[in-house]
Structures are given as C-alpha cells and as structure tokens.
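> Predicted model follows, preceded by the sequence.
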Amino acid sequence: MSDLNKLEAETLEAIASASDEAALEAVRVGALGKKGSISALLATLGKMSPDERKTAGAAINALKDKVSDALGARRVVLKEAALEARLASERVDVTLPMAFGDDLAVVRASLLGHVRNGDGEKGVCGIHGRMGSKTLSKALS
C-alpha cells in the first residue's frame with residue numbers, strides 16, 4: 001500500500017503543478033490512460049487471489065476516483081484562469097464614440113441599424129444618434 005500512497009502523492013503533486021490544460025492532459029494520460037500508472041495497477045488485479053483483489057481493488061479504485069476528482073477540479077481552475085486572462089487582454093469600451101476606421105465601429109453601427117424602429121429616430125438607434133453616434137448609412141453618406 002505504500003506504493004499506492006507514493007503514487008497518489010506524486011500524481012496529485014503533478015496535477016497541482018500543471019500550469020495549463022496541455023500539461024494537465026499529460027498528467028491524466030500518464031495516470032489514467034491506457035498505459036497509465038493507475039491503469040497498470042488495475043490490470044494486475046486479475047493475477048491476485050480473490051481476497052487480495054477485493055482489498056487492492058477498493059484501494060486502487062479509491063485512488064482512481066481521487067485522481068479523477070483532482071483532475072476535474074484543476075481543469076476548472078485552469079479554464080477560469082485562461083478566461084480571466086483572455087478577458088483582461090480583450091477589453092473594449094463600447095461607450096467611446098465610433099471611429100469609422102476600425103472594424104468594431106462598423107459592427108456597432110450595423111448593430112444599431114438592425115434595431116431601428118420606423119424612421120430611425122425612435123428606439124435604440126435614435127437614442128444613440130442623439131448622443132452623437134451615427135448609423136452606418138449616415139456615416140458613409
């Protein structure tokens with residue numbers, strides 16, 4: 001059983017130190033993959049006597065469950081960190097006046113044009129027009 005404790009400690013340490021999803025996947029494959037360390041232990045159960053199989057099988061399955069849970073929890077943390085980093089690097093201030101040299105202005109103008117009501121002086125388009133924004137048709141004319 002000391003081998004199981006050592007394997008558990010090493011695997012959980014590797015999971016905790018995985019810095020991205022690719023590293024985490026490598027740890028998962030190394031532990032739970034077809035030729036992984038935990039999978040190799042499960043394969044040895046067939047050569048054990050029924051009593052040994054019962055105790056060793058329970059311990060190995062508990063380790064497998066613990067590793068799977070740790071992998072899932074770390075994956076969530078890494079995905080949240082990646083999303084936070086992406087959101088921090090892709091900030092856009094939609095309150096700025098439109099500049100018709102960039103693609104974002106065309107997208108915002110197109111969106112305003114799609115929500116026009118009637119003659120364009122009512123609704124969202126009219127409100128933004130009174131604040132100084134221009135619709136794509138007005139800006140290009």
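It's in. Here the structure is a predicted model, which is why all the values come from computation and not from measurement. Residues are numbered from 1 along each chain as shown.

> shaky segments in the chain?
Residue ranges of the chain with pLDDT under 70: 1, 92, 96-129, 133-141.

> Can you pull the domain assignment for it?
Here the chain is described, according to automatic domain parsing, as comprising the domains 2-89, 103-140.

> I'd like to know which of those domains lies nearest to residue 95.
Of all the domains of the chain, it is domain 103-140 that lies closest to residue 95, at 9.5 Å by Cβ to Cβ. (Each C-beta comes from the backbone N, C-alpha and C, glycine too.)

> What's the separation between residue 82 and residue 15?
17 Å (Cβ to Cβ, to the nearest Å).

> And those two? Which one has more around it.
The residue with more neighbours, out of residue 82 and residue 15, is residue 15; 21 against 12, by other Cβ atoms under 10 Å.

> what comes into contact with the helix or strand hosting the more buried one?
Per DSSP states H and E: residue 15 is located in helix 2-17. If you take Cβ atoms under 8 Å, 6 or more residues apart in numbering as the criterion, helix 2-17 is touched by 24, 27, 30-31, 37-38, 41, 59-60, 63, 66-67, 70-71, 74.

> For the domains of the chain, give me TSV that also has distance to residue 95.
As requested, the domains of the chain are exported to TSV (distance: least, Cβ to Cβ, whole Å):
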stretch	distance to residue 95
domain 2-89	17
domain 103-140	10
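
> those helices in the chain, which residues are they?
Secondary structure of the chain (DSSP state H): helices at 2-17, 21-32, 37-43, 50-89, 103-114, 123-130, 136-140.

> now the longest one against helix 2-17, angle please.
For helix 50-89 against helix 2-17, the angle between stretch directions is 10 degrees (axes from the mean of the first three to the mean of the last three Cα atoms, to 10 degrees).

> How about helix 50-89, which residues are buried there?
56, 60, 63, 64, 67, 70, 71, 74, 75, 78 (16 or more other Cβ atoms under 10 Å).
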